[in-house]
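> what follows is a predicted protein model with its sequence.
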Amino acid sequence: MQNHEFIAEIQRHTKLESKDEALSVTKAVLETLADHQAGNAPAKLAAQLPEGIAECITNYKSDVDAEGEGFPLQEFYNRVATRAAVDSENAVKYSQAVFAVLQEAVTDGEIEKIRGTLPPEYAELFDGERQDAAN
């Protein structure tokens, strides 16, 4: 998948009209995921992403010795909302969209590695459905 295809898929999933908005949302989600991940996990994900998208991670977090922060899913959404300057409902929607496109863009093995490092509540990022409608 090429950079323009990745962004086009984000736009399709999110209904965002602007490529800049789609890139901003993508950057917010990938930076937040990088915050959660430890060691070289962010770099391994970035290695499979298109040029221009990979830099959302590599320009943000290049310290392979960094420890992941390990925060709850709601905090993930809060951070995305802050970084992308969107409301919490859109933070959920956009996060799920970026994860949907990630699943198209990288290998199944890489997706499984990411899933394996996240708590069970993060499953909704991969499945596209809220696990608890009350949130």
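Received it, and whenever you're ready, just let me know what you need.
> which SS class is the closest residue in space to H13 that isn't next to it in sequence?
Spatial nearest neighbour of H13, chain neighbours left out: A97 (3.6 Å); criterion: C-beta to C-beta, 6 or more residues apart in numbering. Where you see a C-beta, it was placed from the backbone N, CA and C, and this is true even at glycine. Of the three states, A97 takes helix according to DSSP: H, G, I helix; E, B strand; the rest coil.
> let me see the contact set for A97.
By C-beta atoms under 8 Å, 6 or more residues apart in numbering, A97 lies in contact with 10, 13-14, 25.
> before we move on, what about V80?
25, 28-29, 32, 86, 91, 94-95.
> let's see that with 10 Å instead.
25, 27-33, 86, 88, 90-92, 94-95, 98 (C-beta atoms under 10 Å, 6 or more residues apart in numbering).
> kindly report the same for E51.
2-3.
> phi, psi of it?
phi -60, psi 140 (degrees, to the nearest 10).
> just E69 next, same as before
The phi and psi values for E69, taken as degrees, to the nearest 10, are phi -80, psi -30.
> need the pLDDT of R130.
Predicted confidence (pLDDT) for R130: 48.
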